[in-house]
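[1] next input, structure requested:
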Amino acid sequence: MDPTYELNRDLASNVEENESLNTARIVVSVFSKIFFFLLIFGMAGTTDIEKLQGQFKNVKAVVIGVVMQFVIMPLLGFITVISLKDHGLSGAVGITLLVVTSSPGGSFSNWVCSVFNADLALSVAMTAFSTLLSIGLLPANLLLYSFLAYNFDERQKDILKSLDWGALFLSLGLVIAGIITGMYGSYKTSNSDKFHRIANRIGTISGIIFVTLASVLSTGMNGGNEERPKLWEQNWSFYVAVLTPCSVGLLLSSTIAFHLKLKKPETVTIAVECCFQNVTIAMSMVTSMFNDPADIVSAMAVPLFYGLFEHVAVILFCLVAWKLGWTKAPKDDNFCVVLGKTYEIEADDDGGDEETAGLDAEHRADGEKAGKEAA
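    Okay, the predicted model is just below:
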């Protein structure tokens, strides 16, 4: 058979496969945006409208969260890169880590705060503030710390060009629209428990679907001919670099919030918001920032490994916080009940007490015990 025919057939097959993958990516991307909006709507609709408005005015909590997201986390990334760049940390990995630590976490944190019963109203408020501020502070942090770490003028231009401004503004629009419609739904239903529970179910289910679609879009649709990042074959400096900002940020944010006397569920929320970074931004930028396929592969491993670790770290942190009585869920409740029940609504039913439901349960138990002893 004619070799030219075989070559043309293979090329045609590759083109057809790439067109199919591009179509699939577009479909998945569209549905991910829809479920992203439903997630924000559901989380905003779950909270009492007065509590949500109150958290927008909670200056101390909001300032702590903003400082952790836009000052401390980028600084931790920079310190990590500077400390390890002479110990095997490549420039591609270092710059990508700076992108990750400069990108606040978005809606994933709302879903985690809802499932693990942190202060959901504060989480929604923080998402609105961080999404709005990231339009200016994200590129500012990237330019500042990439210059300080590598002094690459041309690379800085590549970083700025690789930012998907359309996606950032679309994300901002979806967040604002989701919060407004969720609050409007609460207002029109007079903060009814029925609406809150329906909104919570919509948000929870949409969050699961959104996480799944985001994972598929970022890791499962690369095509058969593209080399995949090797997460478990990296230099030791890679793992230290990726794990350090997430771990230190989680511990530092919770410690600062606790010592500044935020309510315990608010402290958990601040820690979650700080630790969670928007790794999809880094994934979308990698192919534009680097030309060498080897750099692209090694750089792509950064958001993938960070995303894996941040989920594990945050889930473990939230479980410990629950058992310590720092969330709105009573620490002695059944684990499956805690995951499936929204105590945000239960707390509202009890009159919006500022302490957690778990602490309330302890206080009631102590009161009963004291009454029996007095009798």
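[2] quick one: low-confidence parts of the chain?
    Applying pLDDT under 70 to the chain picks out residues 1-21, 106-107, 152-164, 168, 214-229, 346-375.
[3] so how far is His196 from the most centrally placed residue in it?
    Among the residues of the chain, the one closest to the centroid is Gly105, at 3.1 Å (CA atoms, centre = their mean). Using CB to CB, to the nearest Å, Gly105 is found at 24 Å from His196. Where you see a C-beta, it was placed from the backbone N, CA and C, and this is true even at glycine.
[4] one step back: can you count the residues close to the nearest residue to the residue nearest to the centre of the chain once chain neighbours are set aside?
    Distances taken as CB to CB, 6 or more residues apart in numbering place Phe276 nearest to Gly105, at 3.0 Å, with adjacent residues excluded. Using other CB atoms under 10 Å, Phe276 is surrounded by 29 other residues.
[5] now swap in Ile270 and tell me
    Neighbours around Ile270, by other CB under 10 Å: 28.
[6] repeat for Val312
    Val312: 10 neighbours (other CB under 10 Å).
[7] show me what the helix or strand that contains it is packed up against.
    Val312 belongs to helix 293-323 when assigned by DSSP states H and E. Secondary-structure packing of helix 293-323 (3 or more CB pairs under 8 Å, 6 or more residues apart in numbering; DSSP states H and E): helix 91-101, helix 108-115, helix 193-219, helix 236-259, helix 264-275, helix 279-289.
[8] which of those sits most buried?
    A comparison of the helices and strands packed on helix 293-323 by mean neighbour count, using mean count of other CB atoms under 10 Å, puts helix 264-275 on top with a mean of 29.
[9] next, the angle helix 108-115 makes with that helix.
    Calculated by axes from the mean of the first three to the mean of the last three CA atoms, to 10 degrees, helix 264-275 forms an angle of 150 degrees with helix 108-115.
[10] alpha carbons only: can I get helix 264-275 in PDB?
    Taking Å, rounded to 0.1, in the frame of the first residue of the first chain, the C-alpha atoms of helix 264-275 are listed here in PDB:
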ATOM      1  CA  LYS A 264     -15.000  29.300  65.600                       C
ATOM      2  CA  PRO A 265     -17.000  28.500  62.400                       C
ATOM      3  CA  GLU A 266     -15.600  31.700  61.000                       C
ATOM      4  CA  THR A 267     -12.100  30.600  61.800                       C
ATOM      5  CA  VAL A 268     -12.700  27.300  60.000                       C
ATOM      6  CA  THR A 269     -14.000  29.300  57.000                       C
ATOM      7  CA  ILE A 270     -11.000  31.600  56.900                       C
ATOM      8  CA  ALA A 271      -8.700  28.600  56.900                       C
ATOM      9  CA  VAL A 272     -10.500  26.900  54.100                       C
ATOM     10  CA  GLU A 273     -10.700  30.100  52.000                       C
ATOM     11  CA  CYS A 274      -7.000  30.600  52.500                       C
ATOM     12  CA  CYS A 275      -5.900  27.100  51.700                       C
END
